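# quick one: sequence plus predicted model below, questions after.
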Amino acid sequence: MAKHKRTIRLFEPALLGTAVKQSFVKLNPRLMVKNPVMFTVEIGTAVMLAVTLYQLFTGDNSQGALWYNITIFIILLLTVLFANFAEALAEARGKAQAESLRRTREDTPAKKVFTVGEMYVNEVKVVPSSQLRKGDFFICEAGDVIPMDGEIVEGIATIDESAITGESAPVIRESGGDKSSVTGGTKVLSDKIKVRVTTEPGESFLDKMIALVEGASRQKTPNEIALTILLAAFTLIFIIVCVTLKPFADYANTPITIAAFISLFVCLIPTTIGGLLSAIGIAGMDRALRANVIAKSGKAVETAGDIDVLLLDKTGTITIGNRKATNFWPADGIDMTDFISHCVFASLADNTPEGKSIVELAGEKNIHAKQLPANTRMIEFTAETRSSGVDLADGLKIRKGAFDAIKKIASNNGNVFPKETGTRVNQIASNGGTPLVVAVNNKVQGVIELQDIIKPGIQERFERLRKMGVKTVMVTGDNPLTAKYIAEKAGVDDFIAEAKPEDKMNYIRKEQQSGKLVAMMGDGTNDAPALAQADVGVSMNSGTQAAKEAGNMVDLDNDPTKLIEVVEIGKQLLITRGTLTTFSIANDVAKYFAIVPALFIASIPALQSLNIMGLKSPESAILSAIIFNALIIPALIPLALKGVQYRPIGASALLRRNLLLYGLGGIIVPFIGIKLIDLLLAMFM
Amino acid sequence: MNSEIIGTILIFLVTLLLAYPLGKYIAKVFSGEKTFSNFMNPVERLLFRICGINPNESMNWKQFLKAMLTINMLWLVYAMLALVFQDKLPLNPDGNPGQTPDLAFNTAISFLVNCNLQHYSGESGLTYFTQLFVITFLQFVSAATGIAMLVAQFNGIKEKTTQNLGNFWNYFVKSITRILLPLSIIVAVILAFNGTPTSYDGKDNIVTLQGDSVQVSRGPAAGMIAIKQLGTNGGGWFGVNSAHPLENPNYITNAVETISILLIPIALVFALGFYLNRKKLANVIFAVMTFLFVIFCSVNIYYETGGNPAIDQLGIAQTAGSMEGKEVRLGAAATALWSVATTSTSNGSVNGMHDSLTPISGGVVILDMMINALYGGVGVGLLNYFIFIIIAVFISGLMVGRTPEFMGHKVEAREVKIAALVTLLSAFLIKGFTALAAYMVAHHPEMGWAVQPGAWLNNPSYHGFSEMLYEYTSANANNGSGFEGLGDNNVFWNVTTGIVLLLGRFLPIIAPIAIIGLLANKKFIPESPGTLRTDSYTFGAMTLAVIIIITALSYLPALALGPLAEYFSLY
């Protein structure tokens, strides 16, 4: 599980200073124009400044009292500043989060490997990490901090990754295979490794993520663009409302001051969501980072919220780590001791946890591991043959592997598969175990039973996903019977048994063709194509460089259940935008009831009936409305940054809930807020 | 009093009873299933052969719109020419003159766009030829255009992924031969038997009970009145529309005409359910529309039967309710129901003067036209409603944490942009032009035009403002009714409302068809438990909220200055 150790307080004092300063820097119109809603407020503020200055120099009071105009100007300026502050604070938090990661690797001394002379003799020189380029090699020994992201080309080492994952238990990384990747900033605890640099400085995932949360290279996500368009349309409607009000007022013989026009306009346009929109986006990235997921783009996080199908590897995700051998089942006529010895031979060279557990189980039965005889040929496991084993010097060929793989070997050589072993295989599989069939010289000798242990609490997580509308698919190399048993026990919706790498790919394609969005998690190089094909591909930080390049997110914790959190973060991002938009627009109802009667009270006293809040005077009504409008922005910053909670209660129920909370709430809250502010103002006016 | 209210309830219930089977029939007609009206097949085939049309040719959304716009342009030119030169054409027994170019511009557009804003009076402004071959003709084809566009939208929703929205000509012709023509014949016969004229003779001379001699206009009116109601056109044969004793002789004809106004718009909502095989969606849409419709009706009936407080203050009893501008033979409640029915459906015919409605009722009918999607005009009402659905889908999609989708298609920036533009358009046209008119009245009342702006308004003050607001709202909604205190037959009003009519008709048709064309082109996403269902009542409530909020936010200041100010001053 993710360690939320680096959680930063919402209003961390250290960050507030930066955020306040940035709020003023962001007043630059060239930056403001990116946010059309707040840009119009800034224009309004500038007009009010001009009105106030004109009044100061000419003493012309036709546009209302000076103090009143100055107050309006200040409140409008505050409105813009509050919006800028929300964005700046979100950026500062993201930056602080990222900095704490980046700090670990800056100016780390790197032991760079140079090839010198015509003999290409390696020489090691210590250089600053910033001088390392992609393709360079460096050496790390016990106690060294790894200077750059890279891939181990030689050696094996235990590494403390707590600096980035918060997990204190050291992990093992070695060359070749799927655990060859190391991250800059982590520390080698033992042994020595040679690493090839895989990224240019400033281009690592972390650097990209930092740029994203800093807002500099943040691209608006598709939904954000669509929402901005909708908000711009609302802004235009209110421009029409305000501009046409002038001739309407002329017709009704009602003079309306510039201050009143601008106040009405600023109150009506959706400043609340307009001011918080970019903060919400940045905070979403920041939440992902806090969950120790590095996203390559905001779009990836957003897409995660739309996921329909989730592909999960069985091992490590659904079951605890690895299967363990629990029983030896020799075929009829095969001596138990001989069988176990063969099993041990086949497993001695097999460093997988399953292999080790076979040797252990044999030890418990007092058949102890011997050294493999000299000139033994190792047959590595491949995804294609799905079996492994040894060829002994005396000609004995031992293979162990999946049922169908060994059956094929046996039948290819004209040997029948023993019936009782077949029955046993089925029995083991239907009990959720994994049968590992052993053949000697292409004759089936018996079967080893491996058992899986399902992670506690995993069923609840899948139940939660189902309520979100996400279908879970278990991917396993197990045979269909075993897979089905575990799938049922764990509560996944579907499974891919005896999965070869291309099966994952085909499954993803099939789901995508029917219009679904698919997410998967993977770490191996052979996962890379599927990771690239998936709409959301999360690669584990421990995975190979190829896998990391192919996915669009990297999980620093190497936690396969992380996808569930990522989906929730994506949903939270959309919900926060949707609910605050609703809230913002619903607020306008109360503002109308405050301002419209205030505008016309002098010439149309009958409209006093519309002043249902009983606000004291036209001036206090307008001031209360724009003060409320300004204050609601900082009041909602915590919600924008934390995000509105996602609840897996079904789409309609969630809509009802949020509609009541933020829609109806959005109508009621400003009536109360504006009235309270008016009561306060009444004491001074 | 009570029997009047019961009468309105009965009229509405009978409408629903008729609309449901009609909706089923309409769905069958357009899905090509066998219906009793198949005997029209040879006629249709003949028409297609003469015009060289292959009715089975598929059209994408652009081709569909092109076909619709081209034929509409032709009709516009034809109608304008016929109106200007009507005095030289046959069937003019009363010797009425040709229309001025600006009036002809306004009239031609007005009938082309299914609006029927009339800046003339039928008795003197038209001849029998133009009544039949311009006005009645356009009343049929404009209604059929609306239905054809709606069927295109159905097709876009129905298929998972498609470019083909069907064939415009096919739907257009069948709308007339299978739906509008048969129904019109039935209604026309009922009207004729109840006293509506169907004669080609000119004015008749009668002597009243008081002994005065009166010229009474006549004409082949019954057929035109039938399609005027059924096709949500609204333009009457006589100047005062269905308040005229020959256009709407008695309570029976009044009931039949009220039913005719609502019948096809409601039937089309049910047709959506049958055609798409999504009855729940149709029910939800029907429920939302009916919810607001019933509220509006109740408010209007309450205020109209309640009488006018100004008359109360004079100490005059108003047992019949507020009868100013209403017909004694119909009563206040019937006019209140009609006022909401006609503004809900963009019909625009009246059986009493809307100008004389009490302020709140007047505000309600303006509001009803601002929404313009409660059943709405034939075909176009559902297209308007669809725009609200898109915005509701977008906001509520975000609120449940999923990229918004409608019927299995993602709603993205482009669709939101188009929907937002249409929403903007109404606000811009209604408020922009009302502001222009208000500006002219306030600042240039002495402008040297044929009719000076200062002379436009019979009732200055709040009511005058409502009259101008009503005129543009009616034009934008393609409704066609008016607060007739406004002097609107002059260049300013003819031209500006003409522009509003054209934009308010075609952009809101083009936009939803474009959206549906874009959506239908996208990959289909099957429904999952995380999908927000658009056929749930929760989503219906969301759409209702969007309709109310958008309308309220866009128009509250204008409504406050007109009807609300009048109401608070009077009550």
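Sure thing, it's come through.

# which residue does chain B bring closest to chain A?
For chain B, the residue closest to chain A is B:G530, as judged by CB to the nearest CB, at 2.2 Å. (Each C-beta comes from the backbone N, C-alpha and C, glycine too.)

# what's the closest non-adjacent residue to that residue?
Once flanking residues are discounted, B:G530 sits nearest to A:G469: 2.2 Å by CB to CB, 6 or more residues apart in numbering or on different chains.

# would you agree that neighbour is in contact with B:E527?
No - if you go by CB atoms under 8 Å, A:G469 and B:E527 don't touch, sitting 9.1 Å apart.

# coming back round to it: what is the burial count for the residue nearest to B:G530?
Applying other CB atoms under 10 Å in any protein chain shown, we find 21 residues neighbouring A:G469.

# neighbours of residue 134, how many?
In the absence of a named chain, this looks at chain A. 14.

# hmm, no, I was thinking of chain B.
26.

# what secondary structure does it sit in?
helix (DSSP: H, G, I helix; E, B strand; the rest coil).

# contact partners for it?
Residues counted as contacts of B:V134 (CB atoms under 8 Å, 6 or more residues apart in numbering or on different chains) are B:Y78, B:A79, B:A82, B:L83, B:A108, B:F111, B:L126.

# all helices for the stretch 401-550 of chain A, in order.
A:403-412, A:419-430, A:458-468, A:480-490, A:501-513, A:528-533, A:545-550 (DSSP state H, counting those that start in this stretch).

# which strands or helices does the first one pack on?
Contact here means 3 or more CB pairs under 8 Å, 6 or more residues apart in numbering or on different chains; DSSP states H and E; on that basis helix A:403-412 packs against strand A:387-391, strand A:397-401, strand A:433-440, strand A:443-451.

# can you tell me the average pLDDT over the helix or strand containing A:F114?
Here A:F114 is covered by strand A:109-116, with elements defined by DSSP states H and E. The average pLDDT for strand A:109-116 rounds to 77.

# same check, this time on stretch A:249-265
Here the average pLDDT along stretch A:249-265 is 89.

# quick check: phi and psi on the closest residue to chain B within chain A?
Nearest to chain B, among the residues of chain A, is A:G469, at 2.2 Å (CB to the nearest CB). Taking degrees, to the nearest 10, you get phi 90, psi 20 for the backbone angles of A:G469.

# how far away is it from B:L74?
50 Å (CB to CB, to the nearest Å).

# can you check B:Y275 too?
Distance of B:Y275 to B:L74, computed by CB to CB: 29 Å.

# show me which of the two is the more surrounded one.
B:Y275 (24 against 10).

# list the contacts of the residue nearest to the more buried one when sequence neighbours are not counted.
Distances taken as CB to CB, 6+ apart place B:A27 nearest to B:Y275, at 4.1 Å, with adjacent residues excluded. Neighbouring residues of B:A27 by CB under 8 Å, 6+ apart: B:F270, B:A271, B:G273, B:F274, B:Y275.

# out of the residues you listed, which one sits closest to A:D308?
B:G273 (27.3 Å; CB to CB).

# just for the stretch 501-650 of chain A, where's the confidence low?
Residues of the stretch 501-650 of chain A meeting the criterion pLDDT under 70: A:524-525, A:560.

# how about the residues of the stretch 251-400 of chain B by chain A?
B:I391, B:F394, B:I395, B:S396, B:G397, B:L398, B:M399, B:V400 (CB under 8 Å from any CB of the partner chain).

# look at the residue nearest to the spatial centre of chain B and report its pLDDT.
A centroid search over chain B (CA atoms, centre = their mean) returns B:S346, at 1.7 Å, as the residue closest to the centre. pLDDT, B:S346: 90.

# next up, the contacts around it.
B:114-115, B:232, B:234, B:369, B:372, B:376-377, B:380-381, B:477-480.

# go ahead and confirm A:D404 touches A:L481.
No - using CB under 8 Å, A:D404 is not in contact with A:L481; the gap is 11.6 Å.

# any idea how far A:I74 is from A:T45?
In terms of CB to CB, A:I74 sits 9 Å off from A:T45.

# sorry, slip of the keys, the one I care about is A:T352.
67 Å.

# those strands in chain B, which residues are they?
Applying DSSP state E to chain B gives strands spanning B:204-207, B:213-216, B:405-406, B:409-410.

# using a markdown table, please lay out those strands together with distance to chain A, mean pLDDT and mean neighbour count.
Shown next, in a markdown table, are the strands of chain B (distance: least, CB to the nearest CB, whole Å; pLDDT from 0 to 100; neighbours: other CB atoms under 10 Å in any protein chain shown):
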| stretch | distance to chain A | mean pLDDT | mean neighbour count |
| --- | --- | --- | --- |
| strand B:204-207 | 44 | 85 | 10 |
| strand B:213-216 | 40 | 85 | 11 |
| strand B:405-406 | 9 | 88 | 22 |
| strand B:409-410 | 9 | 88 | 22 |
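
# please name the nearest non-neighbouring residue to A:L659.
Computed as CB to CB, 6+ apart, the closest residue to A:L659 that is not its neighbour in sequence is B:M542, at 6.3 Å.
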